[in-house]
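>>> Return a 3D structure for these sequence lines:
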Amino acid sequence: MEPWHVDETLDSLVLAEGAVAVEIPASWGAEVSTQLRSAGPLGPILAIPGPRLRWLFLARPDPGPEPRHVPPPDVRYWHGPRRIPATASRWVVPPAGALPPVGAVRCAIRTVRRFL
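Numbers count the residues shown, from 1 in each chain. Okay, here's the model as predicted:
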């Protein structure tokens with residue numbers, strides 16, 4: 001069983017213990033996913049509409065203690081167990097295969113932000 005699922009009755013993404021979702025502005029999404037794909041597996045990505053379209057990259061936690069990390073503005077990390085509001089969401093990349101480590105997602109975001 002996956003450590004997360006979309007609960008359509010409550011319009012939310014449900015993260016289990018140990019699951020991670022990284023929320024970024026959709027305007028960065030394609031570039032971050034390209035960077036991530038070149039480094040290894042590209043996990044599921046969920047688009048969440050709202051005042052600003054956001055993408056959620058699903059990932060697995062890094063092994064060991066979590067490194068000290070201050071996310072850039074507009075980036076948010078969600079750690080399970082938790083419900084994330086996801087009204088009218090859609091899959092940009094449907095679930096299939098392995099999840100990337102959250103450190104790889106963090107690295108892809110840093111690479112893309114250097115060029116923004």
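
>>> and the most centrally placed residue in the chain, what are its phi and psi?
In the chain, the centroid-proximal residue (CA atoms, centre = their mean) is F57; its distance is 1.9 Å. In this entry, F57 is assigned phi and psi values of phi -90, psi 120 (degrees, to the nearest 10).

>>> tell me which element the nearest residue to it once chain neighbours are set aside falls in.
Ranked by CB to CB, 6 or more residues apart in numbering and with sequence neighbours excluded, the top spatial neighbour of F57 is V22, at 4.6 Å. Using the backbone N, CA and C atoms, a C-beta is placed for each residue, glycine as well. Assigned by DSSP states H and E, V22 belongs to strand 20-25.

>>> next SSE after that strand?
Heading C-terminal from strand 20-25, the first helix or strand you meet, by DSSP H and E, is helix 26-39.

>>> Please work out the average pLDDT along that next one.
When pLDDT is averaged along helix 26-39, the result is 92.

>>> Summarise which helices and strands the lowest-mean-pLDDT helix or strand in the chain is packed against.
Counting by mean pLDDT, DSSP states H and E, the weakest-scoring helix or strand in the chain turns out to be strand 4-7, with a mean of 81. Packing partners of strand 4-7 (3 or more CB pairs under 8 Å, 6 or more residues apart in numbering; DSSP states H and E): strand 12-15.

>>> Mind doing that once more with 10 Å?
For strand 4-7, the contact count by 3 or more CB pairs under 10 Å, 6 or more residues apart in numbering; DSSP states H and E identifies strand 12-15, strand 82-85 as packing neighbours.

>>> Of those strands, flag the one that's most buried.
For the helices and strands packed on strand 4-7, ranked by mean neighbour count under the definition mean count of other CB atoms under 10 Å, the leader is strand 12-15 at a mean of 20.

>>> List the neighbouring strands of that strand plus their orientation.
Partner strands and pairing direction for strand 12-15 (DSSP bridges) are strand 4-7 (antiparallel), strand 82-85 (antiparallel).
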